[in-house]
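S.K.: Prediction below, plus the sequence it came from.
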Amino acid sequence: SMGKDETPYYTWTQLLDDRAYFAFQREDKRIEVIAAEARTGKVLWRKQSQGTSEEWGGITAVPGGVVVFAKSSLSDEPYDVSVWGAEDGRRLWGMPIFREDGVFFREDRLILVDRAQHRVAGFDLLTGSLKWQEKTPKDRFESAATAVYGVSTPDDLAGPADTLGRPFAPKADDDQRIVQVSADKSMRVIDASSGKITSTRTNVADKDDPAYAYDGRFVVATDAGVFSYDLDSTGQPAQIYTPADDEHVVTVIAPCGDGRVCLLETTSFDATTTELVAVDADKGGALWREKAAGMERLVPVGDHVLVSGDSPDYVVSLFDPAGKVVHTQLGVGMRVNGGSVLLLSKYLTPSVGDPSVAGLDVGAKEPTQLGPLTGVRTDSCSFDTEVIACAGETAFLVRRFANA
């Protein structure tokens, strides 16, 4: 339960290693975090922040702790990010960051993309001590705008993820590298643990170009085509795809199975023309292309790919490795593991509702209906491979959806 008189609008959940974290924004503008055993619901601790915030940004569970984000609507006003210990919820450390900054995690590091001080910095996740920092390269107009990508591994893409494909529980990973693309079009690879720059390249891509870093490669769609860079070498990139002409623009790109890249390509910025294209990551060239009007997101599910869009309706489709649609429906889909997805009948919302939930194995003909999730705020839900955690009106709920 959230406590008496509390029916908050903003709620969050996170699951990590059989631990469930629940958080909500209190009437008094503080955030309250509850830690519980995921399988039994037994509460281990509940703590409130010392400070208040007009708005809170949520929580991220990490090994040994939970990271709590305040939030600001003003770009020049700093707000607090803090790490609370997993054992007892004690605040271990915190620091002010700005809305434009980026924060993500690699094993025992909190990585800050600091846009005010034009640097990337690595902090010890549980003590807050600064372990390394590197200045962000600037272009000739003195811009230090940048994009930073964590290098994901096949393991990361085999676990539960949200509608954007971001893993719910970041694993303590074996690939500790991050890739930084800067305003001068340079790219560098940084070891997140030590801060050592392991390689640098020039004239790679714009920071806004669709890209990802996965399985030892950085793949990016520029105006000239799609290029694949080996993060372990300084050799020339492989050009693996070239759009037909200037009118064809790659808007989204993602890995989708062994040796394949999937992309969404739109002609003349007309969403109705969008196509899903599968590209051979080794030899280059399109393997197939299929109509995907209005689609905006790609999430790999093993060698299948989940494709979704919001307009005019929330719709989700699962494509198989040959480009055939296995299943399509209104609503949203999220990866559970490399072979299955959860499907919700409605889009995610902070309002309380009763969406019906189905599970779909990639090899199955039809989804398995799991029944309604009763009285939940779907935008708060997170899950692992067995249970789903959500906020309700005034309480948090954990429900098993798989037979362990």
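M.R.: Nice, thanks for sending it over.
S.K.: When you work out contacts or count neighbours from here on, use the C-alpha atoms and nothing else.
M.R.: OK.
S.K.: Now for D88: which residues touch it?
M.R.: Neighbour list for D88: L44, W45 [criterion: Cα atoms under 8 Å, 6 or more residues apart in numbering].
S.K.: again, only using 7 Å
M.R.: W45 (Cα atoms under 7 Å, 6 or more residues apart in numbering).
S.K.: quick one: pLDDT of it?
M.R.: Here the pLDDT value assigned to D88 is 96.
S.K.: my read is it is in a strand, agree?
M.R.: No - counting by DSSP: H, G, I helix; E, B strand; the rest coil, D88 falls outside a strand, being coil.
S.K.: Quick check: next helix or strand after the helix or strand where A70 lies?
M.R.: Counting by DSSP states H and E, the element that carries A70 is strand 65-71. Using DSSP H and E, the helix or strand that follows strand 65-71 in sequence is strand 79-85.
S.K.: roughly how far out does that following strand sit from the chain middle?
M.R.: Its chain's C-alpha centre and that of strand 79-85 lie 20 Å apart, by Cα atoms, centre = their mean, to the nearest Å.
S.K.: again with stretch 239-249
M.R.: That offset, for stretch 239-249, works out to 27 Å (Cα atoms, centre = their mean).
S.K.: Which elements pack onto the strand holding A70?
M.R.: Judged by 3 or more Cα pairs under 7 Å, 6 or more residues apart in numbering; DSSP states H and E, strand 65-71 is in contact with strand 55-62, strand 79-85.
S.K.: angle of the longest one against strand 65-71?
M.R.: Between the axis of strand 55-62 and that of strand 65-71 there is an angle of 160 degrees, by axes from the mean of the first three to the mean of the last three Cα atoms, to 10 degrees.
S.K.: Could you measure from W84 over to R90?
M.R.: According to Cα to Cα, to the nearest Å, W84 and R90 sit 5 Å apart.
S.K.: remind me which residues of the stretch 301-404 of the chain are low pLDDT?
M.R.: Residue ranges of the stretch 301-404 of the chain with pLDDT under 70: 402-404.
S.K.: So what are the sheet partners of the biggest strand by length in the chain and their directions?
M.R.: For the chain, the strand with the greatest residue count under DSSP state E is strand 270-280. If you go by DSSP bridges, strand 270-280 pairs up with strand 260-267 (antiparallel), strand 286-291 (antiparallel).
S.K.: Show me the contact partners of it.
M.R.: 241, 259-267, 285-295.
S.K.: Buried ones only from these, please, as a ChimeraX command.
M.R.: Here is the ChimeraX command that selects the buried residues among the contacts of strand 270-280 (16 or more other Cα atoms under 10 Å):
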select :241,260,261,262,263,264,265,266,267,285,286,287,289,290,292,293,294,295
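S.K.: and A213, which of the helices and strands packed on strand 65-71 is closest to it?
M.R.: strand 55-62 (20.9 Å; Cα to Cα).
S.K.: What would the closest one look like as CSV? C-alpha coordinates only.
M.R.: Output of strand 55-62 as CSV, limited to C-alpha atoms (Å, rounded to 0.1, in the frame of the first residue of the first chain):
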residue,chain,number,x,y,z
GLU,A,55,8.3,16.5,-10.2
TRP,A,56,10.2,13.2,-9.9
GLY,A,57,11.7,11.3,-12.8
GLY,A,58,11.6,7.8,-11.3
ILE,A,59,13.9,5.0,-10.2
THR,A,60,16.4,2.6,-11.8
ALA,A,61,17.4,-0.6,-10.0
VAL,A,62,21.2,-1.3,-10.2
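S.K.: ok now it, how far from the chain's centre?
M.R.: 13 Å.
S.K.: And for stretch 371-382?
M.R.: Relative to its chain's centre, stretch 371-382 lies at 19 Å (Cα atoms, centre = their mean).
S.K.: how much space between P96 and V68?
M.R.: Counting by Cα to Cα, the gap from P96 to V68 is 12 Å.
S.K.: middle-most residue in this structure, spatially?
M.R.: By Cα atoms, centre = their mean, the chain has its centre lying nearest to R166, at 2.2 Å.
S.K.: Looking at the helices and strands packed on strand 65-71, which one is packed in the most?
M.R.: strand 55-62 (a mean of 22; mean count of other Cα atoms under 10 Å).
S.K.: between that one and strand 79-85, how many degrees?
M.R.: Going by the same axes, to 10 degrees, strand 55-62 makes 30 degrees with strand 79-85.
S.K.: what pairs with strand 55-62, and is each one parallel or antiparallel?
M.R.: Assessed with DSSP bridges, strand 55-62 is paired to strand 65-71 (antiparallel).
S.K.: What mean pLDDT does the partner strand get?
M.R.: Strand 65-71 carries an average pLDDT of 95.
S.K.: circling back to that earlier point, in CSV: the strands paired with strand 270-280, plus mean pLDDT.
M.R.: Below are the strands paired with strand 270-280 laid out as CSV (pLDDT from 0 to 100):
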stretch, mean pLDDT
strand 260-267, 96
strand 286-291, 96
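S.K.: What residues are bridge-paired with T368?
M.R.: Applying DSSP bridges to T368 yields these beta-bridge partners: G359.
S.K.: Would you enumerate the residues in contact with it?
M.R.: If you count contacts by Cα under 7 Å, 6+ apart, T368 has them with A358, G359, L360.
S.K.: can you rerun that using 10 Å?
M.R.: When contacts are counted by Cα atoms under 10 Å, 6 or more residues apart in numbering, T368 touches L342, L343, V357, A358, G359, L360, D361.
S.K.: Ok, A244 next?
M.R.: Applying Cα under 10 Å, 6+ apart, the residues near A244 are G225, T267.
S.K.: Let me see the backbone angles for it.
M.R.: The phi/psi pair for A244 (degrees, to the nearest 10) reads phi -60, psi -40.
S.K.: do P321 as well
M.R.: Here is the backbone geometry of P321 (degrees, to the nearest 10): phi -60, psi -20.
S.K.: So it versus V120, what's the distance?
M.R.: Distance of P321 to V120, computed by Cα to Cα: 38 Å.
S.K.: The two - which one has more neighbours?
M.R.: V120 (24 against 16; other Cα atoms under 10 Å).
S.K.: Bridged to the nearest residue to that one once chain neighbours are set aside, which residues?
M.R.: Residue nearest to V120 in three dimensions, not counting chain neighbours: V113, with 4.7 Å by Cα to Cα, 6 or more residues apart in numbering. Beta-bridge pairing of V113 under DSSP bridges involves G102, V120.
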